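*Asks:* structural data only, the sequence is not supplied:
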Ligand SMILES: CSCC[C@H](NC=O)C(=O)N[C@@H](C)C(=O)O
């Protein structure tokens, strides 16, 4: 039987739903979905006994990305965050839960507003913003009824508001010195006094991260995740009186998500085990030592993106995806012991059975390490294939077995796709994540070289048809790979990538420069090294045809990075195609733009690999 193949457009029309939040009465679930081409807020009535979910309602019609929606604690309204044109300058809105109105709460379109949480009485919200100084995030509070806001905590650093204490008197925030050094603090709403709950981050030596804190019901402590003196982020309890941090879980892998019910009796956590998520639920009503493991749903191996409890703690919503099925919102009913798929995102009319799951492989690299990677193989042929090495961004990031329509399309076209977690990736411990820092940068690019060598030696790859593709930091990796190891690649695809570390650090959003210098090196101390390893410096080495995509509004990797590499290559007669999108930022989030870019990339690769 001839295998049915589907156009790229069909794959790019696979929808996704994510970011759930229960209404206070638990009868509705809001979520984000890109059904209309970009993420908007929808809601669905919850009748988990219904054989199929009830029809959802669309609540926002911005035509621009919504990045979050959170119900107020005692009203049928939601706090919605969204930006314009991918510029990440998120604004805050108040949405009536029937979709009848979307009222802007912030109006300065030049600054970022990052929602933290609702006050327990629903009268206020806390958020962080760089309104005072583009380089720094301060903590603000706004009275919803009047729109009046006040600067609660001013600090020349990166402060993110997270939540109010159960009694509403304190706001919990984290302060970030770098990507690996943070601190937990409280700010008193009445006095504005800040109280450090964990030590001020060291500027030297090993960093420590504290994150994802959840209040205990009595407000006496915070459950949180930390890697203090550990390789992996582990569950811990911070006593607010003594400031003692007590680990509650062993660190075999990163605990990546943590949510506690409002009454503090139930705790949900997700663990990232070699890229796959496992869920654990506990009754902690008698304290952690007397915890009781609760029944968890049986789900196929995949990735949990977020967790949220219903007000009464009887249900847990989670966004879940597997490599062979799109992201959707599931609801676990702890009373009924039943799991239900609350959203049913369309798969572009493509049978789920045609999507493939990867295998987790490990390949040897230059220093004897084994690099973990997810390998997707076409079902028919599995040798001497065209291969795409798809490099994740970050570098603090991780390739995981999630649904990616671009990967699935290329596999359906007979490509193998390898998604490596080169050194510097998260998910494998502090030391592994540090193996690419600053002067070690090019070792991670060498891991890409060895991925290509392994694919050739294992017979999977046709050595003349190996492509390297990547976005953001992954785009840097692409450009670095084709300048450093030019003979390996038949073609390359750079999406919002860094071409020049000096101009990138000079021009990236001022609020992120210091944080990113901790990963890459600083303009003050490492300029010469950064110039030396910047791909723009070695454009003369490039022979691989290159496809470049960038968003004009990119606040992270300015579009000038793409312009530089394209201009340089056009002077050298290297085949280069370039798509610049005026209504996008750090990546393509609008389906209309994805429908232009990705089929063009596929045609480009077809041309270059079969010329
Ligand atoms: C974890 S912070 C940076 C993640 C982001 N994603 C893509 O790689 C990013 O912007 N990375 C690069 C470009 C950066 O360091 O700014």
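*Replies:* Received it, and whenever you're ready, just let me know what you need. None of the values given here were measured: they were computed from a predicted structure.
*Asks:* shaky segments in the stretch 301-450 of the chain?
*Replies:* Regions of the stretch 301-450 of the chain meeting the criterion pLDDT under 70 are absent.
*Asks:* residue numbers of it in contact with the ligand?
*Replies:* Taking CB under 6 Å from any ligand atom as the criterion, the stretch 301-450 of the chain approaches the ligand at residues 393-394, 396. The C-beta positions use only the backbone N, C-alpha and C, and glycine is treated the same way.
*Asks:* which of the residues you listed tops the neighbour count?
*Replies:* Per-residue neighbour counts (other CB atoms under 10 Å) across these peak at residue 393, which has 22 neighbours.
*Asks:* so that residue makes contact with residue 494?
*Replies:* No: taking contacts as CB atoms under 8 Å, residue 393 lies outside contact range of residue 494: 11.6 Å.
*Asks:* intersection of neighbour lists for these two?
*Replies:* Common contacts of residue 393 and residue 494, defined by CB atoms under 8 Å, 6 or more residues apart in numbering, comprise 470, 475.
*Asks:* ok, residue 530 - contacts?
*Replies:* Listed by CB under 8 Å, 6+ apart, the contact set of residue 530 reads 501-502, 505, 520-521, 523.
*Asks:* so who does whichever residue of the stretch 51-200 of the chain sits closest to the ligand touch?
*Replies:* For the stretch 51-200 of the chain and the ligand, the shortest gap (CB to the nearest ligand atom) falls at residue 179, measuring 6.1 Å. If a contact means CB under 8 Å, 6+ apart, then residue 179 has 396, 515-516, 518-519 as its contacts.
*Asks:* sort out for me which of the residues you listed are in strands.
*Replies:* Using DSSP state E, no member of the contacts of residue 179 falls in strands.
*Asks:* ok, back up a step: pLDDT at the residue of the stretch 51-200 of the chain closest to the ligand, what is it?
*Replies:* What the model reports for residue 179 is a pLDDT of 91.
*Asks:* please report how far it lies from residue 515.
*Replies:* With distances taken as CB to CB, to the nearest Å, residue 179 is found 6 Å from residue 515.
*Asks:* same check, this time on residue 127
*Replies:* 19 Å.
*Asks:* the chain: helices as residue ranges?
*Replies:* Using DSSP state H, the helices of the chain run over 8-12, 405-412, 430-433, 441-457, 473-484, 501-507, 513-520, 523-533, 560-570, 591-609.
*Asks:* so which of these is the most surrounded?
*Replies:* Among those, ranked by average contacts under mean count of other CB atoms under 10 Å, first place goes to helix 473-484 (a mean of 27).
*Asks:* give the contact list for the spatially closest residue to residue 427 that is not a sequence neighbour.
*Replies:* Closest residue to residue 427 apart from its sequence neighbours, by CB to CB, 6 or more residues apart in numbering: residue 398 at 4.2 Å. With contacts taken as CB under 8 Å, 6+ apart, residue 398 has the following neighbours: 272, 275, 392, 421, 425-427.
*Asks:* and stretch 559-571, how far from the chain's centre?
*Replies:* On the basis of CA atoms, centre = their mean, to the nearest Å, stretch 559-571 is displaced by 27 Å from the centre of the chain it belongs to.
*Asks:* pretty sure residue 521 contacts residue 439?
*Replies:* Yes: in this structure, residue 521 is within contact of residue 439 by CB under 8 Å, at 7.2 Å.
*Asks:* higher neighbour count, the two?
*Replies:* Under the neighbour definition other CB under 10 Å, residue 521 and residue 439 were set side by side, and residue 521 has more, 21 against 11.
*Asks:* find the nearest non-adjacent residue to residue 430, please.
*Replies:* Once flanking residues are discounted, residue 430 sits nearest to residue 231: 5.0 Å by CB to CB, 6+ apart.
*Asks:* and the gap between that neighbour and residue 303?
*Replies:* Spatial separation of residue 231 from residue 303 under the definition CB to CB is 21 Å.
*Asks:* before we move on, what about residue 415?
*Replies:* When distances are taken as CB to CB, residue 415 and residue 303 turn out to be 22 Å apart.
*Asks:* and for residue 173?
*Replies:* Here the distance between residue 173 and residue 303 works out to 28 Å (CB to CB).
*Asks:* quick one, which of those two is more surrounded?
*Replies:* Between residue 173 and residue 303, counted using other CB under 10 Å, the more crowded position is residue 173 (27 against 21).
*Asks:* re earlier: the residue nearest to residue 430: neighbour count?
*Replies:* That count, for residue 231 with other CB under 10 Å as the rule, works out to 16.
*Asks:* so it sits against residue 251, correct?
*Replies:* Yes: at 6.0 Å, residue 231 counts as touching residue 251 under the criterion of CB under 8 Å.
*Asks:* hmm, residue 573 and residue 543 touching each other?
*Replies:* No: if you go by CB under 8 Å, residue 543 and residue 573 don't touch, sitting 10.6 Å apart.
*Asks:* comparing these two, which residue is more hemmed in?
*Replies:* When residue 543 and residue 573 are compared on other CB under 10 Å, the one with more neighbours turns out to be residue 543, at 15 against 7.
*Asks:* before we move on, back to that, can you tell me which of the contacts of residue 530 is nearest residue 103?
*Replies:* residue 505 (38.0 Å; CB to CB).
*Asks:* residue contacts, that closest one?
*Replies:* Shown in contact with residue 505 (CB under 8 Å, 6+ apart): 513, 516-517, 520, 522-523, 530.
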